[in-house]
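Colleague: Provide a 3D model corresponding to the input given below.
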Amino acid sequence: MNKFYLFFFLLLSLSPFFTHTFAQTADANGWKWQYPKPQGNTLRDIYVFNNNTAIAVGDFGTVIKTTDGGNSWDVQHHAGGTDIQLNSVYFIDELNGWAAGGTYSSNNNVLLKTGDGGNTWHEVKTDTTLPYNSVWFVDTDTGFVFGEDGVILRTTNGGSSWDTRSIDDYIGLYLDVFQFNAVTFLDKKTGFLIGYGYYGNEIYKTTDCGRSWQWNEQIIMPKIYSNLDDITFIDKNDGFIVGDRGVFLKTTDGGNSWLRDSIDGNGYSVFFTDTLTGWTTGNGYILHTTDGGKNWTRINSNQITIDALFKVRFSDENYGWFVGGTGIIYRTTDAGNNWINQRQETFVFTSIYFQNENTGWAVGDSGVIFNTKDSGLNWNKLYQNDSLFFYSVYAIDNQNVFAVGRITNGIWPLVGALILQTINGGQTWIKHAFDSLDWFNSIIFVNDSTGLISGTKGTILKTTDKGNTWNKIPLYISTGNLGRIQFINENIGWIGSIIKTTDGGNSWNAQNIPSLSSPSCYFVNEQLGWMIGDSNGISKTYKTTNSGANWTPCGSTYPEYSTNIFFSSAYTGWIASYNYGNRSSSITRTTDGGNTWIRQNIPSQGLTDLYFLNENTGWATGGEGIFKTTNGGISGVKDISIHSTSIPQEIELYQNYPNPFNPATIIEYKLTKKQQVKLQIFNILGQEIASLVNEVQNSGSYKINWNPGKAASGVYFYRLTTPSQGIVKKMLLIR
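Modeller: Presented below is the predicted three-dimensional model:
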């Protein structure tokens with residue numbers, strides 16, 4: 001992912017008022033993954049049922065399942081309504097399974113259950129926020145979840161209730177266990193648990209189905225202080241463990257003693273098909289042994305990637321999978337002699353453009369140019385040059401297409417700006433290099449012949465002959481790197497909202513805008529536009545109704561970095577954002593010209609570009625792939641409950657009445673369970689002007705009367721929030 005973060009470093013040189021809905025799904029009605037197939041989120045665990053059927057889980061609540069050996073995969077993101085990474089999956093039988101996850105940096109967790117083979121998932125509530133790393137069930141009733149700080153959850157009633165303890169409670173000592181990583185049971189009573197802790201030798205054993213756990217501090221000498229990552233047994237006697245710093249452990253007596261050996265690298269996962277034949281994975285490699293771990297051979301050197309390979313599992317001695325970073329999936333059917341890549345090649349896509357509903361173009365790192373002729377159902381790579389990096393693409397028609405960016409010497413340093421042009425639909429490409437410039441950020445054509453490019457050091461280029469020649473436009477104002485360029489007609493355009501032209505780009509004037517870093521704008525006509533930017537790590541949104549002469553706040557702020565903005569009309573628009581802290585992405589959507597914004601989850605991270613044909617059909621690009629929506633990105637909002645096969649909403653917020661109102665109005669809402677509730681009133685600037693409810697309330701219906709007193713006429717918003725949901729609606733006060 002280094003190239004992804006390099007891209008964002010370069011991009012930097014160039015919530016609004018929304019509802020938080022933590023149970024929002026990106027299903028068939030939201031954003032769908034188009035490239036790479038089957039998907040590109042990191043996969044962290046896989047459960048193999050048989051030679052043809054397997055389920056893998058990973059980041060953003062990703063669950064993928066195959067029943068034909070990986071020829072096709074059913075893909076879910078935000079399974080069970082979660083966007084938390086899933087670290088472990090386990091099935092009791094073909095229908096009943098569990099998935100657990102969490103992230104240490106965010107101190108969150110999730111536990112999911114399925115009863116239909118993974119087609120649908122429901123969240124199971126627990127009483128801790130510690131991240132979960134492993135889940136295992138010995139039968140339909142008795143199961144375990146293990147995670148950070150040595151936490152152990154045990155259920156004996158199928159997950160209806162959980163006994164939550166620390167390993168310290170079982171051992172009777174303060175062990176300072178940092179985390180548990182993996183568990184395996186040999187039968188219903190005997191199991192092993194491994195992890196990472198201050199006192200080392202983090203191997204724990206139970207012989208009474210987890211009612212108690214034993215720890216032998218001296219079981220391995222000298223002690224192992226490394227992180228132990230994975231454990232597997234092939235029978236009740238023979239087992240194996242791998243961990244950081246090349247740790248490889250082997251037992252032949254049921255775990256009473258362990259022999260220490262080593263492997264090359266950090267072992268993330270281990271699996272043996274018999275006492276001699278085994279596999280272990282790490283950062284971009286898989287190792288194979290045929291002598292019980294005495295010697296290891298690195299396999300398939302031509303397929304090694306920089307991605308971590310987190311799990312390897314076999315169904316028998318011939319059929320197996322390993323999964324890892326950016327959704328990598330490899331399968332073998334011949335005992336590992338050959339491994340087949342089941343995920344398409346990944347790239348960081350930086351720009352996307354569609355000429356019509358069917359024909360589109362996408363560009364990115366490694367100098368790639370992709371084209372689709374079927375609305376993105378299939379993307380074809382037409383060009384790749386690892387010494388190039390593209391930031392923008394534009395197509396005049398099916399034959400004349402341009403990509404702009406930079407030439408590199410590897411990843412760094414920069415060695416020149418670049419224009420790549422095709423006049424035959426991508427069959428051949430013409431290169432225009434500019435050694436005196438660093439890179440180009442954006443390109444647009446205002447008609448079939450006239451186009452403009454923006455770039456670093458205040459660079460603006462213009463062509464009037466369809467890109468055959470480009471001339472530099474003098475810029476008599478001080479600017480830094482110039483961002484995205486937009487024109488609403490042949491004469492009027494903006495670059496990054498900081499400079500404006502009214503004569504087709506021949507001259508430019510500075511705009512008076514709020515103090516923001518990397519500002520970007522989108523105009524739907526000469527007067528009406530919106531601007532996004534960053535201020536000390538906070539994204540802000542502004543709106544103008546007088547062609548950028550004045551800007552007013554539009555919605556509230558939120559702690560993310562906004563990467564792009566796009567409007568399909570005067571009312572409907574989208575903002576793509578990225579949160580560096582928890583490495584998550586979102587798209588916020590407005591349908592009232594930016595007064596209110598609704599947050600949409602998207603099944604990836606690091607969003608870079610948006611392009612919409614209308615209010616329903618659009619695409620997004622990011623650090624992991626290309627995504628499409630056919631209904632504006634609207635996703636179903638569901639409350640996940642283990643106690644019911646249906647999935648009701650926790651809260652319902654109704655339209656106030658009367659509306660418009662004067663002097664008072666009634667706000668009505670409904671709760672399905674007892675919980676903390678807040679009901680707040682905001683003005684059009686996103687400022688709270690009243691807090692009507694802030695307490696724990698029982699399930700039921702409520703009516704609240706609000707009298708705004710001397711508040712001025714205008715639009716107001718009322719928001720109902722609980723710990724897991726939030727809904728906002730607007731109302732109109734008329735004096």
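
Colleague: which residues in the stretch 301-450 of the chain form helices?
Modeller: In the stretch 301-450 of the chain, no helices are defined using DSSP state H, counting those that start in this stretch.

Colleague: low-confidence ranges in the stretch 301-450 of the chain?
Modeller: Counting by pLDDT under 70, the stretch 301-450 of the chain shows low-confidence ranges at 301-305, 410-414.

Colleague: try 80
Modeller: Residue ranges of the stretch 301-450 of the chain with pLDDT under 80: 301-306, 409-415.

Colleague: tell me the SS of the most centrally placed residue in the chain?
Modeller: Central residue of the chain (CA atoms, centre = their mean): S604, 2.8 Å from the mean position. With DSSP: H, G, I helix; E, B strand; the rest coil as the basis, S604 sits in coil.

Colleague: excluding chain neighbours, what is closest to it?
Modeller: E624 (4.2 Å; CB to CB, 6 or more residues apart in numbering). Placement of C-beta: from N, CA and C, glycine included.

Colleague: before we move on, which element is that neighbour in?
Modeller: For E624, there is no enclosing helix or strand under DSSP states H and E.

Colleague: let me see the contact set for it.
Modeller: E624 sits next to G40, N41, T326, G327, T346, S604, Q605, G606 when contact means CB atoms under 8 Å, 6 or more residues apart in numbering.

Colleague: wait, the fourth one sits on T346?
Modeller: Yes. With contacts counted by CB atoms under 8 Å, G327 reaches T346, the gap being 7.5 Å.

Colleague: break the protein down into its domains, please.
Modeller: 43-341, 348-483, 512-640, 651-733 (automatic domain parsing).

Colleague: so which of those domains comes closest to G30?
Modeller: With CB to CB as the measure, domain 512-640 is the member of those nearest G30 (3.5 Å).

Colleague: the closest one: how far from the chain's middle?
Modeller: Distance, stretch centre to chain centre, for domain 512-640: 16 Å (CA atoms, centre = their mean, to the nearest Å).

Colleague: beyond the helix or strand containing F627, next helix or strand please.
Modeller: Per DSSP H and E: F627 is located in strand 626-629. Using DSSP H and E, the next helix or strand after strand 626-629 towards the C-terminus is strand 651-653.

Colleague: and whatever helix or strand comes next after that next one, which residues are buried?
Modeller: Going down the chain from strand 651-653, the next helix or strand is strand 665-671, by DSSP H and E. By 16 or more other CB atoms under 10 Å, the buried positions in strand 665-671 come out as T665, I667, Y669, L671.

Colleague: which elements pack onto strand 665-671?
Modeller: strand 651-653, strand 675-682, strand 700-706 (3 or more CB pairs under 8 Å, 6 or more residues apart in numbering; DSSP states H and E).

Colleague: closest to F389 out of the ones you listed?
Modeller: strand 675-682 (42.1 Å).

Colleague: strand partners of the closest one, parallel vs antiparallel please.
Modeller: strand 688-697 (antiparallel), strand 714-721 (antiparallel) (DSSP bridges).

Colleague: with distance to R484, mean neighbour count and mean pLDDT added, can I get those strands in a markdown table?
Modeller: Listed next are those as a markdown table, based on distance: least, CB to CB, whole Å; neighbours: other CB atoms under 10 Å; pLDDT from 0 to 100:
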| stretch | distance to R484 | mean neighbour count | mean pLDDT |
| --- | --- | --- | --- |
| strand 688-697 | 33 | 12 | 90 |
| strand 714-721 | 30 | 20 | 84 |
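
Colleague: for F523, find the nearest of the ones you listed.
Modeller: Short answer: strand 714-721, nearest of those by CB to CB, at 22.6 Å.

Colleague: who's in contact with the closest one?
Modeller: By CB under 8 Å, 6+ apart, strand 714-721 touches 17, 19-20, 595-596, 651, 653, 656, 667, 669, 677-684, 689, 692, 706, 708, 726-733.
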